[in-house]
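In: When you get a sec, could you give me coordinates for this:
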Amino acid sequence: MGHLDHAAFGWLTPVLSYVMACTGSALGLRCTVRGLDASGRSRRNWLLTAASAMGTGIWTMHFVAMLGFGVTGTEIRYDVPLTILSLLVAMTVVGAGMFAVGYGRDRHRSLALGGLTAGFGIASMHYLGMAALRLHGRVRYDPALVGLSVVIGVIAATAALWAALSIRSPVAVAVASLVMGGAVSSMHYTGMMAVGVKVTPSRDALSGATAMQFIFPLAVGLGSYLFLTAAFVALSPMSGRTEASASARRPAESVVR
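Out: Residues are numbered from 1 along each chain as shown. Prediction:
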């Protein structure tokens, strides 16, 4: 069995991947809150933005963490089409969960359906990304740890959607984002602990791209997208319902003072 290194650059990749997970979660939650306060086309657009932001954040978290992944005795390459497919799956399935909550009539049923859908989407993204690995050897998984990682993904997604339904305060959303970022990171590293690699030494060239050739530029590009989305969310006007709620709080705060 080859020795697996999950932090080849020390704490840099785990910390940076956690930051990306938190950023994507925060944007996804804020956009979902905006969407739930809107209606018609505006609701749809906010939920689409939420899905792209959260899906992108989770995907970027995974592959930033993978920049620090190495196996002794073999090089690692990534299948480009499968890697891109994992990004599309993340955005699509997380989006399905967002829309289930955004348009569902029964809150509890919508939350359960949305959490399961988005959670399995997060897990699918992770394991599709792992299927994109190209190395000299065979990758094996511990079924118990794989199952645990999926459960963590479902819990993280359900908690995020519950926060979007229940929380309006920016401070509370920030706290929820930190918690969800930790849950997504836990799901990733639990899934990685399930991995074992039996190396088969070979001089044959591996197909695919290296992490620095493909993953790093794409992660930087998606990270930039997240920060631009954050600026858009911060500068966009609040919906009528949110603005009315904020106005209603101001007189109450004045009376207390």
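
In: Nearest residue to Leu128 in space, please, no chain neighbours.
Out: Among residues not flanking Leu128 along the chain, Ser86 sits closest, at 3.9 Å (CB to CB, 6 or more residues apart in numbering). All C-beta spots, glycine's among them, are computed from the backbone N, C-alpha and C.

In: Which strands or helices does the helix or strand hosting that neighbour pack on?
Out: Using DSSP states H and E, Ser86 sits in helix 80-103. Here helix 80-103 touches helix 12-36, helix 40-66, helix 107-131, helix 143-166, going by 3 or more CB pairs under 8 Å, 6 or more residues apart in numbering; DSSP states H and E.

In: now with 6 Å?
Out: Applying 3 or more CB pairs under 6 Å, 6 or more residues apart in numbering; DSSP states H and E, one finds that helix 80-103 contacts helix 40-66, helix 107-131.

In: Residues contacting it, please?
Out: Helix 80-103 is contacted from outside by 32, 35, 47, 50-52, 54-55, 58-59, 110, 113-114, 117-118, 121, 124-125, 128-129, 131-132, 161, 209, using CB atoms under 6 Å, 6 or more residues apart in numbering.

In: For stretch 134-153, C-alpha coordinates in CSV please.
Out: C-alpha atoms of stretch 134-153 as CSV (Å, rounded to 0.1, in the frame of the first residue of the first chain):
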residue,chain,number,x,y,z
ARG,A,134,-5.2,8.8,-12.4
LEU,A,135,-2.3,7.0,-10.8
HIS,A,136,-0.2,3.8,-11.0
GLY,A,137,-2.2,1.5,-8.8
ARG,A,138,-5.7,0.7,-7.5
VAL,A,139,-7.8,3.0,-5.2
ARG,A,140,-9.8,1.2,-2.6
TYR,A,141,-12.4,2.5,-0.1
ASP,A,142,-13.5,1.6,3.4
PRO,A,143,-17.3,1.2,3.0
ALA,A,144,-18.0,2.3,6.6
LEU,A,145,-16.1,5.5,6.3
VAL,A,146,-17.6,6.2,2.9
GLY,A,147,-21.1,5.8,4.4
LEU,A,148,-20.1,8.1,7.3
SER,A,149,-18.9,10.8,4.8
VAL,A,150,-22.2,10.6,3.0
VAL,A,151,-24.1,11.0,6.3
ILE,A,152,-22.0,14.0,7.2
GLY,A,153,-22.7,15.5,3.8
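
In: and the gap between the residue nearest the centre of the chain and Pro201?
Out: For the chain, Ile58 is the residue whose C-alpha lies nearest the centre (CA atoms, centre = their mean; 1.9 Å). Remark: distance between Ile58 and Pro201 (CB to CB, to the nearest Å) = 34 Å.

In: And for Ala7?
Out: When distance is defined by CB to CB, Ala7 is 24 Å away from Pro201.

In: Contacts for stretch 147-160, please.
Out: Contact partners of stretch 147-160, identified using CB under 6 Å, 6+ apart, comprise 115-116, 118-119, 122-123, 180, 183-184, 186-187, 190-191.

In: rewinding a little: write a ChimeraX command that selects only the buried members of the contacts of helix 80-103.
Out: To isolate the buried ones among the contacts of helix 80-103 in ChimeraX, judged by 16 or more other CB atoms under 10 Å, type:
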select :32,35,47,50,51,52,54,55,58,59,110,113,114,117,118,121,124,125,128,129,132,161,209
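
In: Make sure Pro201 is indeed in a strand.
Out: No - using DSSP: H, G, I helix; E, B strand; the rest coil, the assignment for Pro201 is coil, not a strand.

In: Number of residues surrounding it?
Out: 9 (other CB atoms under 10 Å).

In: pLDDT at it, what is it?
Out: The score at Pro201 is 82. That number is its pLDDT.

In: And for Ala246?
Out: Looking at Ala246, its pLDDT stands at 43.

In: sec struct for Ala205, please.
Out: Using three-state DSSP, the structure places Ala205 in coil.

In: Let me know how buried it is, in neighbour terms.
Out: 7.
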